[in-house]
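Participant: Let me see the structure of the following:
(chains A and B)
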Amino acid sequence: MVNLKINNIPVSVPEGTTILEAARIAHIEIPTLCYLKDVACVGSCRMCLVEATGARGLVAACVYPVSEGMEVKTNTEKCRKSRKLSLELLLSKHKKECLACERAGNCELQRLSTEYGCDPNFFTGEELNHPLDESAPYVVRDRDKCINCNRCVAACKKQSVGAIGPIGRGYGVHVGSAFEMSLMESVCVGCGQCIVACPVGALKERTTVDEVWDAIGDPAKKVVFFTAPSVRATLGEAFGLPVGTNVEGKMVAAIRRLGNVEVYNMDITADLTILEEANELIARIQNGGTMPMFTSCCPGWVKFVEQKYPEFIPNLSTCKSPQEMFGGLLKTYYCEKNGIDPKDLFVVSVIPCTAKKYECHRPEMNGEVNAAITTRELARMIKTAGITFNTLPDEQFDDPFATCSGGGTIFGATGGVMEAALRVAAKTLDGTFEVVDFPEVRGTTPIKEATYNVAGHEIRVAVASGLGNAAEILEGIKNGTRHYDFVEIMACPGGCVNGGGQPTLPDSYRNTLELKSLRAEALYASDRENTIRRSSESPVIETIYNEYFGTPNSEKAHEVLHTHYHEDKRI
Amino acid sequence: MEQEANCKACETLGTPEQEAKLRAVIEESKATPGCLMHILQEAQGIYGYLPRKVQETIAEGLGISLSEVYGVVTFYSQFSLTPKGKNRISVCLGTACYVKGSDKILEEVEKQLGIKCGECTEDGLFSIDSCRCVGACGLAPVMMVGDEVYGKLKPDMIKGILDAHREESK
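Facilitator: Next comes the predicted model:
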């Protein structure tokens, strides 16, 4: 252990700890902009400068390791002046649209500028007027709000995508894609990890809230919402509730109060995905299909395969994602059953994700989902509508798409799809198999592996979240060092609970809390409380098959619930 | 001709010899950490500049993203994204030359050739760049054409210098 003093408070920490981490133990928060736990640590923004004995000048606390007997001062006049100067320089060329900026009230530059009493016009910088990058249907980039902290670049590199990077040098340096390509032309997969990493409003989703309001106001339209499993575990954060609060009941009540709408549970089509996918896996095992089979519920992952590893396209399950299965189900089965013209049905999915916005635009999906809005957009709609979220009563999803299995709910966390599939596949292969808990595939470990023996079959599985880890798995399969039968991939680290469409939380949360596991626990708790754990035992699923699809992987099921992929190799 | 070859290099990797050289450089350096700078320098030596296809090939060869390669290329002034002329003009804008009016020299070169600093003439004969000090401050203002240094310049001297090089390149 290393003993040091921070602002005269004695602290004892393991060797290799940085001043920033050590300060937290002394209840001191050193301000940061470019640092983000697990994502970025380069010491370039100069916000975390502190005085430390033995060092020449001020040092960057986020990268400077502690040493024995060190005395650190974090709040001297020199530190404060230096930070204020850095902030005022950043503000000099920042597009100050703070009145109506998406991140107003939740912007780290704004918070620090207020705390340090900055004069936003102390320096007159160059007036910037770069056009927005609105090329992609999922994310909008505003270069003039960017403060070059490079957290988005680090997040994208960690995803092994590398769509953006710093370009140029000196005053002209900026973040962009190679050869100034638009995001849509670049290798971007739409995961949105850049958005949740951004400390300011330089990155946001491409919003479709207005289209949803228009549809709600159109008497000729019937509007139905469905919410993805993880949204209930995060929406509360946008209303100040603790991370990991399950707000399912209030979420349903709030959406119902947006207008004359129905509110359905997307966990239903997560269950449906499992039935289709588990049966596809069994068919591949029994008929010698392409192995290993990869899950296909994450559109960011699918785009990643199409662009970077097209040789693995045959390994992707042909199942649509739960979002698109729901779109298909509503525009066929539901419309036929209720005598509705599909043109008059406006389908809104609420998703934790930006890639799912892109997914709606894939031509194979026939526009079945009319608008996909993120958790953040839903929160904004609820606030615009003047609904006092925290005081709402808990309400239930609407029939006929209300009751799901616990397997459908855990789809929102890394390992959840695998576990739900194992529950069904094992029972299908061996009717006496009663186990429903597969703890080996739970948790936020980047790559999880397990082998199960069911009815004489050895099933080797792997689960990875974060595309960097997915790439590691693909490379391992390619070079023959990894061998699996079934692989679950979610593009975002930790799965959908940590998706690019989830509420943006300030550094103080992201750097200290285990967001991914806290949010996931809300879903696992809901799974434990559910009397139906296996997707195949959901009464809703039984009705859907009885009334419409017959059996999993039937011809009709293939028509509505399955899809295909295209090579789109990009460098 | 050179211009044509350079344009082809945007789409392809140039001549079979150029491509073979590039691939050989990537292959022999890729195991060395921090090899990107070296490969880019070699590639610029092979092609005269760093066209997109070349950068893509390097990114693929090293298993890194194109944006990372492009970031390094745009950071260092030694790398060029555009083809260079047969006669590379470099006008010194270092302190001594600048106070002696080298900005007027650059302006005159641009005017005479009808291109801007960083560009190359359509016939591929001339390209213009600026530099910071060539170590001949006593001769300020200074410009270089290829390896030749011209000092104590006045704007009215530029036309003659360019004509001489044009003649020489015929």
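
Participant: all contacts plus neighbour counts: C-alpha atoms, from now on.
Facilitator: Fine.

Participant: Flag every buried residue along the helix or strand of chain A with the lowest mean pLDDT.
Facilitator: Least confident element among the helices and strands of chain A, by mean pLDDT, DSSP states H and E: helix A:507-510 (a mean of 86). The neighbour-count check on helix A:507-510 (16 or more other C-alpha atoms under 10 Å in any protein chain shown) flags A:D507, A:R510 as buried.

Participant: what are the ranges of the helices in the stretch 101-250 of chain A?
Facilitator: With helices called from DSSP state H, counting those that start in this stretch, the stretch 101-250 of chain A shows them at A:108-115, A:151-158, A:193-197, A:209-217, A:231-234, A:248-256.

Participant: looking at the ones you listed, which is buried most?
Facilitator: Between the helices of the stretch 101-250 of chain A, helix A:231-234 has the highest mean count of neighbours, a mean of 28, where neighbours are mean count of other C-alpha atoms under 10 Å in any protein chain shown.

Participant: Report the distance from that helix to the chain centre.
Facilitator: 11 Å (C-alpha atoms, centre = their mean, to the nearest Å).

Participant: picking that back up, kindly reformat the helices of the stretch 101-250 of chain A as JSON lines containing mean pLDDT.
Facilitator: Shown next, in JSON lines, are these (pLDDT from 0 to 100):
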{"stretch": "helix A:108-115", "mean pLDDT": "97"}
{"stretch": "helix A:151-158", "mean pLDDT": "97"}
{"stretch": "helix A:193-197", "mean pLDDT": "97"}
{"stretch": "helix A:209-217", "mean pLDDT": "98"}
{"stretch": "helix A:231-234", "mean pLDDT": "98"}
{"stretch": "helix A:248-256", "mean pLDDT": "98"}
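
Participant: With distance to chain B added, can I get the ones you listed in CSV?
Facilitator: Shown next, in CSV, are the helices of the stretch 101-250 of chain A (distance: least, C-alpha to the nearest C-alpha, whole Å):
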stretch, distance to chain B
helix A:108-115, 25
helix A:151-158, 8
helix A:193-197, 15
helix A:209-217, 32
helix A:231-234, 32
helix A:248-256, 40
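
Participant: The least confident helix or strand of chain A: what's the following helix or strand?
Facilitator: As assigned by DSSP states H and E, the chain's next helix or strand after helix A:507-510 is helix A:515-529.

Participant: what's next to that following helix, contact-wise?
Facilitator: A:229-230, A:233-234, A:243-246, A:405-407, A:409-410, A:412-413, A:443-444, A:493-495, A:497-498, A:509, A:533 (C-alpha atoms under 8 Å, 6 or more residues apart in numbering or on different chains).

Participant: Helix A:248-256 and that helix, what's the angle between them?
Facilitator: Interaxial angle of helix A:515-529 relative to helix A:248-256 (axes from the mean of the first three to the mean of the last three C-alpha atoms, to 10 degrees): 100 degrees.

Participant: Helix A:515-529: which residues count as buried?
Facilitator: Result for helix A:515-529 [16+ other C-alpha under 10 Å]: buried residues A:L515, A:K516, A:S517, A:L518, A:R519, A:A520, A:E521, A:A522, A:L523, A:Y524, A:S526, A:D527.

Participant: between those, which is closest to chain B?
Facilitator: Using C-alpha to the nearest C-alpha, the shortest approach to chain B within those belongs to A:K516, at 27.1 Å.

Participant: For A:N3, see how far away the closest one is.
Facilitator: Distance of A:K516 to A:N3, computed by C-alpha to C-alpha, to the nearest Å: 32 Å.

Participant: separation between the residue of chain B positioned farthest from its centre and B:I39?
Facilitator: In chain B, the greatest distance from the average C-alpha position (C-alpha atoms, centre = their mean) is reached by B:A31, at 28.1 Å. The gap separating B:A31 from B:I39 is 12 Å, by C-alpha to C-alpha.

Participant: Could you do A:Y264 as well?
Facilitator: The value you get for A:Y264 to B:I39, if C-alpha to C-alpha is used, is 56 Å.

Participant: of all the residues in chain B, which ones are close to chain A?
Facilitator: B:52, B:56, B:59-60, B:64-68, B:70-72, B:74-76 (C-alpha under 8 Å from any C-alpha of the partner chain).

Participant: Pull the most distant pair out of those residues.
Facilitator: B:E60 and B:Y76 (20.9 Å; C-alpha to C-alpha).

Participant: In chain B, what residue spans correspond to helices?
Facilitator: Per DSSP state H, chain B carries helices over the ranges B:2-11, B:16-29, B:36-47, B:52-62, B:66-75, B:95-99, B:102-113, B:158-168.

Participant: deepest of the ones you listed, which one?
Facilitator: Counting by mean count of other C-alpha under 10 Å, helix B:66-75 has the highest mean neighbour count of those, with a mean of 23.
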